[in-house]
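K.L.:
Coordinates only, no sequence provided:
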């Protein structure tokens, strides 16, 4: 492995530390290497993108009295050229006298794409692009989805027995998988911008849908699909101080005013022609609200609707080593008339989590944007 690849790999490791932190800004890492070949500073995007990776790395170098003139910045995302609350990373790199920038990938934001590189080159800084591009893109798959498609990356999480049962016929489902699997699921919640569920899950389980099993500085927002606005006012997911978006079809002003008495709760009327929530329009709306990744934890009916409308990008499936027989499945869609009508998947990873298996399966071809 070349020195360049080693430093980019180190920068990617830093970017991963922003996984639960930087949304809706991209997860980026930066390593500064002095003219003598030693690391003089490093950093990753801070909460909400308030401090960008390059700026954090430069601050570390300055605090350690290291000379940045003539240094090389290895960064996992094109440095930003937009005005931000603190300082643009492009300006910071130029002012610091950086001689070269090695970046993994261009920023897909139409307001940034290519402009950061152009600004650096105009200032006489050598720019090289491409090292670690795929890893950086995967780390920011939701950000790329929102910027390119206008909608979040939709990941459906489900826990099931080996024969695909997610709940018994009487509704019992807690707990099919192990404590380790549940903690791992919370880590996937933590990386998402929002957790989405349906009214049925709210009424049956009264979940909090927050992150408790892993440390995080940021809680994801909550999205509820509730066609008739039947969510109880004392539902636990309404309690935390975080934004909750309820998509509905009704215009009941009294119930809406009760729910929106809290500034954190937003009721959005978005019906389709069938009198249900328009799920595609909902995702477009969430994209406009800066939601990069949606983590779905819903029952088989809402999950089936998302699959049927081709709105799911990947599935995060935890399989327990047990058979439960008849009950509810993962997704209620179909019936299909032929095997070729099924949804084709690409297994991205299969891992052992505690006693369970975790399968990350992506809808075939879905990431080609």
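P.N.:
Perfect, thanks for sending it. Quantities reported herein were computed from a predicted structural model and do not represent experimental measurements.

K.L.:
Distance check, residue 91 against residue 80.
P.N.:
Applying Cβ to Cβ, to the nearest Å, the value for residue 91 to residue 80 is 9 Å. In this view, the C-beta of every residue, glycine as well, is placed from N, C-alpha and C.

K.L.:
Which one's more surrounded, the two?
P.N.:
residue 80 (29 against 17; other Cβ atoms under 10 Å).

K.L.:
Domain-wise, how is this protein divided?
P.N.:
As assigned by automatic domain parsing, the chain contains the domains 3-139, 142-363.

K.L.:
Can you tell me which of those domains is most buried?
P.N.:
Most buried of the domains of the chain, by mean neighbour count (mean count of other Cβ atoms under 10 Å): domain 3-139, with a mean of 20.

K.L.:
looking only at pLDDT, what's the mean for it?
P.N.:
Predicted confidence along domain 3-139 averages 92 (mean pLDDT).

K.L.:
try stretch 234-253
P.N.:
The average pLDDT within stretch 234-253 is 90.

K.L.:
now the helices for this structure?
P.N.:
Using DSSP state H, the helices found in the chain span residues 3-16, 53-63, 89-95, 115-122, 133-139, 141-149, 179-191, 199-205, 253-259, 279-288, 300-308.

K.L.:
Can you check which of these gets nearest to residue 35?
P.N.:
helix 53-63 (12.4 Å; Cβ to Cβ).

K.L.:
Which elements pack onto the closest one?
P.N.:
Helices and strands touching helix 53-63, by 3 or more Cβ pairs under 8 Å, 6 or more residues apart in numbering; DSSP states H and E, are helix 3-16, strand 29-33, strand 39-44, strand 72-75, helix 89-95.

K.L.:
got the contact list for the third one?
P.N.:
For strand 39-44, contacts defined as Cβ atoms under 8 Å, 6 or more residues apart in numbering pick out 7, 10-11, 14-15, 17-18, 21-22, 27-34, 51, 53-62, 64, 66-68, 71.

K.L.:
middle-most residue in this structure, spatially?
P.N.:
Centroid-nearest residue in the chain, with Cα atoms, centre = their mean: residue 293, separated by 3.2 Å.

K.L.:
Kindly reformat the helices and strands packed on helix 53-63 as JSON lines and extend each row with distance to residue 116.
P.N.:
Shown next, in JSON lines, are these (distance: least, Cβ to Cβ, whole Å):
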{"stretch": "helix 3-16", "distance to residue 116": "16"}
{"stretch": "strand 29-33", "distance to residue 116": "13"}
{"stretch": "strand 39-44", "distance to residue 116": "17"}
{"stretch": "strand 72-75", "distance to residue 116": "10"}
{"stretch": "helix 89-95", "distance to residue 116": "5"}
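
K.L.:
Out of those, which gets nearest to residue 155?
P.N.:
Set against residue 155 and scored by Cβ to Cβ, these come closest in helix 3-16, at 17.1 Å.

K.L.:
chain center to that closest one, what's the gap?
P.N.:
The offset between the C-alpha centroid of helix 3-16 and the centroid of the whole chain comes to 21 Å, using Cα atoms, centre = their mean, to the nearest Å.

K.L.:
State the distance from the residue nearest to the centre of the chain to residue 305.
P.N.:
Distance, residue 293 to residue 305, by Cβ to Cβ: 19 Å.

K.L.:
Quick check: the gap between residue 164 and residue 308.
P.N.:
Residue 164 is 17 Å from residue 308, by Cβ to Cβ.

K.L.:
now do residue 285
P.N.:
For residue 285, the distance to residue 308 equals 20 Å [Cβ to Cβ].

K.L.:
List the contacts of the spatially closest residue to residue 219 that is not a sequence neighbour.
P.N.:
Leaving out its chain neighbours, the residue that sits closest to residue 219 by Cβ to Cβ, 6 or more residues apart in numbering is residue 242, at 4.8 Å. Contact analysis of residue 242 by Cβ under 8 Å, 6+ apart lists 210, 219, 220, 221, 222, 264.

K.L.:
Recalculate using a threshold of 7 Å.
P.N.:
The contact partners of residue 242, by Cβ atoms under 7 Å, 6 or more residues apart in numbering, come to 219, 221, 222, 264.

K.L.:
now these in JSON lines, with distance to residue 173 and pLDDT?
P.N.:
Output for the contacts of residue 242, formatted as JSON lines (distance: Cβ to Cβ, whole Å; pLDDT from 0 to 100):
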{"residue": "219", "distance to residue 173": "23", "pLDDT": "94"}
{"residue": "221", "distance to residue 173": "24", "pLDDT": "96"}
{"residue": "222", "distance to residue 173": "20", "pLDDT": "97"}
{"residue": "264", "distance to residue 173": "28", "pLDDT": "92"}
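
K.L.:
From those, which land in strands?
P.N.:
Among the contacts of residue 242, the members found in strands (DSSP state E) are 221, 222.

K.L.:
could the contacts of residue 242 be laid out in a markdown table, adding distance to residue 42?
P.N.:
Converted to a markdown table, these look like this (distance: Cβ to Cβ, whole Å):
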| residue | distance to residue 42 |
| --- | --- |
| 219 | 27 |
| 221 | 30 |
| 222 | 34 |
| 264 | 35 |
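
K.L.:
Can you tell me which of the contacts of residue 242 lies closest to residue 257?
P.N.:
Nearest to residue 257 among those: residue 264, at 14.8 Å, using Cβ to Cβ.

K.L.:
wouldn't that closest one be in contact with residue 241 here?
P.N.:
Yes - here residue 264 lies in contact with residue 241, judged by Cβ atoms under 7 Å, at a distance of 6.4 Å.

K.L.:
Overlap in contacts, these two.
P.N.:
Taking Cβ under 7 Å, 6+ apart as the criterion, residue 264 and residue 241 do not both touch any residue.

K.L.:
how far does stretch 174-190 sit from the chain's center?
P.N.:
Averaging C-alpha positions (Cα atoms, centre = their mean) puts stretch 174-190 17 Å from its chain's average.

K.L.:
Thanks a lot, see you next time.
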